[in-house]
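Student: I would like the atomic coordinates for the input below:
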Amino acid sequence: MGNMFQESFEKENPEIVGIKPLTTERKYPKIKLIYNLKCPKCKNTIEPEFQLCRNFRICRKCYNKIMEEQKEDLLDYFSRLKFEASEIIEDKLYLGNEGSSFSKKKLKKRGITDIIIVGYNLYKFYPEDFNYKQIEIDDNEHEEIIKNFIPIIIYIQNNIKSKFFIHCHAGISRSVIITFAIIMKNEF
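Tutor: Numbers count the residues shown, from 1 in each chain. Okay, here's the model as predicted:
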């Protein structure tokens, strides 16, 4: 998703292209953040945690607005891709990437009722069709992911009759760790 959408976004918003981070550091010692960076669209300050999530430099509100405006194009693009979800627990728990979360038809075909999003600013495309639970976890080595195990396990216990699709952006890091925690807790 990043390349197609980002290229289109940069063409429409040339004022954002080329903004480089300053050398100020905060919670993440190896990551450079820009403090008091203003969104070129609305002039609101962009929170540093949001800067870590995406390559473009806009605020969360403008990002969500753009995602909503681009929703149909994104859905069309991703509907043509292969559904990349692994069935972890038969007919109960699936694991995949963000792209797989766009295919409502394929999610419904598998009987998915709940989508667990593991990451910041990953879009909820079908809130009218699925129950969503989002865990805002950054994809970096300093994130304390373990603090999110209990809330997600409680969510699954409370919805034990549901079928779950768990995803992060790429489906290889954050969502996998959460899936392992669920399996180790032996919730199914």
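Student: can you list the weak-confidence ranges in this protein?
Tutor: The model of the chain has pLDDT under 70 over residues 1-36, 47-57, 78-83, 187-188.
Student: in it, which spans are helices?
Tutor: Here the chain has its helices, by DSSP state H, at 2-12, 48-53, 60-69, 71-79, 104-109, 149-158, 174-185.
Student: Can you tell me the centre-most residue of this structure?
Tutor: L122 (2.7 Å; CA atoms, centre = their mean).
Student: quick one, what contacts the nearest residue to that residue once chain neighbours are set aside?
Tutor: Distances taken as CB to CB, 6 or more residues apart in numbering place E98 nearest to L122, at 5.5 Å, with adjacent residues excluded. C-beta: built from backbone N, CA, C; applies to glycine. Neighbouring residues of E98 by CB atoms under 8 Å, 6 or more residues apart in numbering: M1, L122, H167, C168, H169, A170, G171.
Student: what sits against the second one?
Tutor: By CB under 8 Å, 6+ apart, the residues touching L122 are E98, S101, Q134, H167, C168, H169.
Student: I'd like these written out as a markdown table, with distance to N158 added.
Tutor: Listed next are the contacts of L122 as a markdown table, based on distance: CB to CB, whole Å:
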| residue | distance to N158 |
| --- | --- |
| E98 | 25 |
| S101 | 21 |
| Q134 | 16 |
| H167 | 20 |
| C168 | 22 |
| H169 | 26 |
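Student: Whichever of the residues you listed end up buried, select them in ChimeraX.
Tutor: Buried residues among those (16 or more other CB atoms under 10 Å), as a ChimeraX selection:
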select :98,101,167,168,169
